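Student: Here is a sequence with its predicted model. Questions after.
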Amino acid sequence: MTTQTSIYLPDELFAELARRAPQQDERSSLISEALRNFFSTYQTDNDLSRINAYAAELNQEAEDVLDYQVKP
């Protein structure tokens, strides 16, 4: 199943898209593949898991920096 949509692209980006995929169905396939790749590479849940995994260490570093900056 597919859904038709309309998006706005900068002229230079559309020109490159049209050069690489001159036919409408080719452009749709290329954009679909690009989005799949982007979504699989940049998952926000994954980023949050990484931050949480190092939270204690990062918080300790921040506390150390703040302690150093405090004037006696």
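Tutor: Perfect, thanks for sending it. Keep in mind it's a predicted model, so treat the numbers as computed, not measured.

Student: can you pull the pLDDT of the most centrally placed residue in the chain?
Tutor: Closest residue to the average C-alpha location of the chain: residue 42 at 4.6 Å, with C-alpha atoms, centre = their mean. pLDDT recorded at residue 42 is 75.

Student: Is residue 8 in a helix, a strand, or coil?
Tutor: Assigned state for residue 8: coil (three-state reduction, DSSP: H, G, I helix; E, B strand; the rest coil).

Student: And it, its phi and psi?
Tutor: Main-chain torsions, residue 8, degrees, to the nearest 10: phi -110, psi 130.

Student: List the contacts of the worst-scoring helix or strand of the chain on mean pLDDT.
Tutor: None of the helices or strands of the chain scores lower by mean pLDDT, DSSP states H and E than helix 44-53, at a mean of 76. With C-beta atoms under 8 Å, 6 or more residues apart in numbering as the test, helix 44-53 has contacts from residue 58. (C-beta placed from N, C-alpha, C; glycine too.)

Student: quick one, helices of this structure?
Tutor: For the chain, applying DSSP state H gives helices covering 11-20, 24-41, 44-53, 55-69.

Student: Return the distance of stretch 19-36 from the chain's centre.
Tutor: 19 Å (C-alpha atoms, centre = their mean, to the nearest Å).

Student: what's it in contact with?
Tutor: 2, 17, 18.

Student: what's around residue 31, how many residues?
Tutor: 15 (other C-beta atoms under 10 Å).

Student: Where does pLDDT dip in this structure?
Tutor: 43-45, 70-72 (pLDDT under 70).

Student: same thing but 80
Tutor: 42-48, 50, 70-72 (pLDDT under 80).

Student: ok, back up a step: in the least confident helix or strand of the chain, what's buried?
Tutor: If you call a residue buried by 16 or more other C-beta atoms under 10 Å, then helix 44-53 has no buried ones at all.

Student: what's the angle between it and helix 55-69?
Tutor: For helix 44-53 against helix 55-69, the angle by axes from the mean of the first three to the mean of the last three C-alpha atoms, to 10 degrees is 60 degrees.
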